[in-house]
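> Predicted model follows, preceded by the sequence.
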Amino acid sequence: DGGITQSPKYLFRKEGQNVTLSCEQNLNHDAMYWYRQDPGQGLRLIYYSQIVNDFQKGDIAEGYSVSREKKESFPLTVTSAQKNPTAFYLCASSIVRSTGGSFYEQYFGPGTRLTVT
Amino acid sequence: SQELEQSPQSLIVQEGKNLTINCTSSKTLYGLYWYKQKYGEGLIFLMMLQKGGEEKSHEKITAKLDEKKQQSSLHITASQPSHAGIYLCGALHISNFGNEKLTFGTGTRLTIIP
């Protein structure tokens, strides 16, 4: 079955520690995304990547870092510089739209709930 | 996001009743996505609308993008307990520089009571 996996589902860390969230997809999608979801707020884009070895900052990239060494993988590191890291993190992937082509939906993983105390 | 307003924030509906959720953008929509989320889980894609006036249905859920392409509505007919969850709209905007950006609404929490 094709899909997106995120691990772990729940993650607990002490303040001041970096933590890496995993995201893997076998949909052969070129684009991958990381979102953060907080209560009462919509999803906010952290980082996205449209091709291996390249990624761009989203709306709230401060305190986060990513890498895209493989097409299938897009791990997110929440650094100690992130002031409010406790949140629900969602990874997504999609086909990259060609110029003038159709838009495609994003497929989401099950999410990782990070709690930092 | 003020660019995208979703209403209502929450909805409690008796099983079997119809309901409508709205998503309004302050900018022209190049695409409008509807997703459903169970609490603490990922988003499940429902439908995508691109053309003004376009209407799509999936089982008892119908979504429409208005002619001016700045508002979409999601309508559920004869609601069932399985419809309960959080419904989010995602609006695709294109900036003056040609950058594509997907912005999500804050969601509508739907509760179905027997």
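Thanks, I have the structure now. Residues are numbered from 1 along each chain as shown, chains lettered A, B, ... in the order given.

> And for the residue most central in space within chain A, nearest residue in space, chain neighbours not counted?
Note on chain A: the residue nearest the mean C-alpha position is A:Trp34, at 2.2 Å, using C-alpha atoms, centre = their mean. In this structure, A:Trp34 finds its nearest non-sequential neighbour in A:Ile46, 4.3 Å apart by C-beta to C-beta, 6 or more residues apart in numbering or on different chains. From N, CA and C alone the C-beta is placed, and that goes for glycine too.

> cool, and A:Gln82?
Residue nearest to A:Gln82 in three dimensions, not counting chain neighbours: A:Gly63, with 2.9 Å by C-beta to C-beta, 6+ apart.

> Torsion angles phi and psi at the one you found?
When quoted as degrees, to the nearest 10, the phi and psi of A:Gly63 stand at phi 90, psi 0.

> ranges for the strands of chain A?
For chain A, the strands defined by DSSP state E cover A:4-7, A:10-13, A:19-25, A:31-37, A:44-51, A:54-57, A:64-66, A:76-78, A:87-94, A:107-108, A:112-116.

> how about the ones you listed in a markdown table, adding mean pLDDT?
Below are the strands of chain A laid out as a markdown table (pLDDT from 0 to 100):
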| stretch | mean pLDDT |
| --- | --- |
| strand A:4-7 | 95 |
| strand A:10-13 | 94 |
| strand A:19-25 | 97 |
| strand A:31-37 | 95 |
| strand A:44-51 | 93 |
| strand A:54-57 | 93 |
| strand A:64-66 | 97 |
| strand A:76-78 | 97 |
| strand A:87-94 | 96 |
| strand A:107-108 | 94 |
| strand A:112-116 | 96 |
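
> In CSV: the ones you listed, plus distance to B:Cys89.
Output for the strands of chain A, formatted as CSV (distance: least, C-beta to C-beta, whole Å):
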stretch, distance to B:Cys89
strand A:4-7, 21
strand A:10-13, 28
strand A:19-25, 23
strand A:31-37, 14
strand A:44-51, 15
strand A:54-57, 24
strand A:64-66, 25
strand A:76-78, 24
strand A:87-94, 15
strand A:107-108, 14
strand A:112-116, 23
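
> closest to B:Ile21 out of these?
strand A:31-37 (18.1 Å; C-beta to C-beta).

> Now tell me what touches that closest one from outside.
A:23, A:25, A:43-50, A:58, A:60, A:64, A:66, A:68, A:74, A:76, A:87-96, A:106, A:111, B:104 (C-beta atoms under 8 Å, 6 or more residues apart in numbering or on different chains).

> Just give the nearest non-adjacent residue to residue 53, would you?
Since you didn't name a chain, this refers to chain A. Closest to A:Asn53 by C-beta to C-beta, 6+ apart is A:Arg68, at 6.1 Å.

> ah, I was thinking of chain B
Nearest non-adjacent residue to B:Gly53, counting by C-beta to C-beta, 6+ apart: B:Glu67, 5.0 Å away.
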